[in-house]
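In: Predicted model and sequence below, questions to follow.
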Amino acid sequence: MGIFDILFGKKQQQETIDQGLQKTRESFLGKISKAIAGKSTVDEDVLDQVEDALVSADVGVETTVKIIYALEARVAKDKYLNTNQLNQILKEEIEKLLISSPQDLAYENYQLPTGHTPHVILVVGVNGVGKTTTIGKLAHNFKKAGKSVLLGAADTFRAAAVDQLTIWSDRADVPIVKKEMGSDPASVAFDTVQSGVSRHSDVILIDTAGRLHNKAHLMDELTKIKKVIQKVIPEAPHEVMLVLDGSTGQNAIEQARHFTAATDVTALVITKLDGTAKGGVVLAIANQFKIPVKFIGMGEQADDLLVFNKQQFVDGLFPNLT
């Protein structure tokens, strides 16, 4: 891949993010512009309305308070007066909330972390958030990046989940390991990893059941899956990736709370961010759980599942600032 292709790809991704965050941006920045209109100084009233704008964007109370405190300190020190200056401070403070991990850069252009093969990703999340679809899109994009991919259909409690993943397997032209409905999920996971090793796969994506009605049962199930995987690859899974529906706002935070209590979640995928005014939930989740966001969904197409880049995301919220 040449430098022109890389630069074009980044420009295209930024355009997708800008378009996907349009409703969040218009709601968020619109309220801030209204708050400061006619003002010669940034006063308490302006800060109150900025706080309201953050909460409305589903940034969450805890994260909003942190941003407002930082904003108050900056305003007291620097006496910023206009909308662009206020937005610049907000942009800087928001970017600080989005944590990075050492592996983040490894995923650029759907590359994989180095040092081991295959890379095993256990994907978790409740039914309805787009978990199985996300796995299919990941498979498509990893395959497009030249990686050999294997899918494991370990959500054996829903026939629709296995069928849906099979459709994505055909669509992405990647192999899948599956068993009949009601089979032991850990057995499917074991067979998948064993098959991935024999096939010399680069990445293994394992779907899991999306039930949250019993946290203890969920923990037991995921623990069992991990144990059987480690019989084949002792250090696997290399990532436990939680899929959340960004359009549900605070409900996504509750789901994250349940799953992080039940298992060691190491990465996040936040879907359905396009067409919602609740894009601020990305900030709330990243700040509250201190887990890096690895991928974001900005549309229906497979190519709309993007590798998360915090600079691009913040630029999408504040497109006119450099």
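Out: Received the coordinates, thanks.
In: show me the contacts for the residue nearest in space to the middle of the chain.
Out: Nearest residue to the geometric centre of the chain (Cα atoms, centre = their mean): residue 269, 2.4 Å. Shown in contact with residue 269 (Cβ atoms under 8 Å, 6 or more residues apart in numbering): 123, 134, 241, 242, 243, 244, 293, 294, 295, 296, 297, 305. Bear in mind the C-beta positions are built from the backbone N, C-alpha and C, glycine included.
In: Near the fourth one, how many other residues are there?
Out: What it means is residue 242. 29 (other Cβ atoms under 10 Å).
In: That one in helix, strand or coil?
Out: Per DSSP: H, G, I helix; E, B strand; the rest coil, the local secondary structure of residue 242 is strand.
In: Please report the distance of the nearest residue to residue 207 once chain neighbours are set aside from residue 299.
Out: Distance criterion Cβ to Cβ, 6 or more residues apart in numbering; nearest residue to residue 207, sequence neighbours excluded, is residue 155 at 4.7 Å. Look at residue 155 and residue 299: by Cβ to Cβ, to the nearest Å, they are 24 Å apart.
In: the more surrounded of the two?
Out: residue 155 (28 against 16).
In: Got the confidence number for the more buried one?
Out: At residue 155, the model reports a pLDDT of 90.
In: Likewise for residue 177?
Out: pLDDT, read off for residue 177, is 97.
In: Give me the spatial nearest neighbour of it, chain neighbours excluded.
Out: residue 192 is the one closest to residue 177 (Cβ to Cβ, 6+ apart), at 4.2 Å.
In: if I read this right, that neighbour contacts residue 206, doesn't it?
Out: Yes: contact criterion Cβ atoms under 8 Å: residue 192 and residue 206 qualify, at 5.8 Å.
In: Tell me where the stretch 101-250 of the chain has strands.
Out: In the stretch 101-250 of the chain, the segments counted as strands under DSSP state E, counting those that start in this stretch are 119-124, 149-153, 176-177, 203-207, 239-245.
In: Out of these, flag the one nearest residue 35.
Out: For residue 35, the closest of these is strand 239-245, at 29.5 Å, according to Cβ to Cβ.
In: Just the buried positions in whichever helix or strand comes after the closest one, please.
Out: Next helix or strand after strand 239-245 toward the C-terminus (DSSP states H and E): helix 250-262. Residues 251, 252, 253, 255, 256, 259, 260, 262 are the ones in helix 250-262 that count as buried (16 or more other Cβ atoms under 10 Å).
In: So for the last one, what's the pLDDT?
Out: The per-residue pLDDT reported for residue 262 equals 81.
In: Between the strands of the stretch 101-250 of the chain, which one is closest to residue 20.
Out: For residue 20, the closest of the strands of the stretch 101-250 of the chain is strand 239-245, at 14.2 Å, according to Cβ to Cβ.
In: so what secondary structure elements neighbour that closest one?
Out: When contacts are defined as 3 or more Cβ pairs under 8 Å, 6 or more residues apart in numbering; DSSP states H and E, strand 239-245 packs onto strand 119-124, helix 250-262, strand 267-271.
In: before we move on, the earlier item: compute the number of surrounding residues for the residue nearest to residue 177.
Out: Neighbour tally, residue 192, other Cβ under 10 Å: 27.
In: for it, what are its contacts?
Out: The neighbourhood of residue 192, defined by Cβ under 8 Å, 6+ apart, consists of 150, 151, 152, 154, 177, 204, 206.
In: least confident pick among the residues you listed?
Out: residue 154 (94).
In: Please work out how many residues are found near it.
Out: Number of residues near residue 154 (other Cβ under 10 Å) recorded here: 30.
In: Tell me the backbone dihedrals of it, please.
Out: phi -90, psi 0 (degrees, to the nearest 10).
In: Isn't it up against residue 208?
Out: Yes: applying Cβ under 8 Å as the test, residue 154 and residue 208 come out as touching, 5.4 Å apart.
In: and for these two, which residues touch both?
Out: Listed as contacting both residue 154 and residue 208 by Cβ under 8 Å, 6+ apart are 185, 225.
In: and stretch 34-53, how far apart are its ends?
Out: By Cα to Cα, to the nearest Å, the extent of stretch 34-53 from end to end equals 10 Å.
In: want to try a markdown table for the buried residues of helix 250-262, with distance to residue 27 as columns?
Out: Compiled in a markdown table, the buried residues of helix 250-262 are given as follows (distance: Cβ to Cβ, whole Å):
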| residue | distance to residue 27 |
| --- | --- |
| 251 | 18 |
| 252 | 18 |
| 253 | 19 |
| 255 | 23 |
| 256 | 23 |
| 259 | 28 |
| 260 | 28 |
| 262 | 33 |
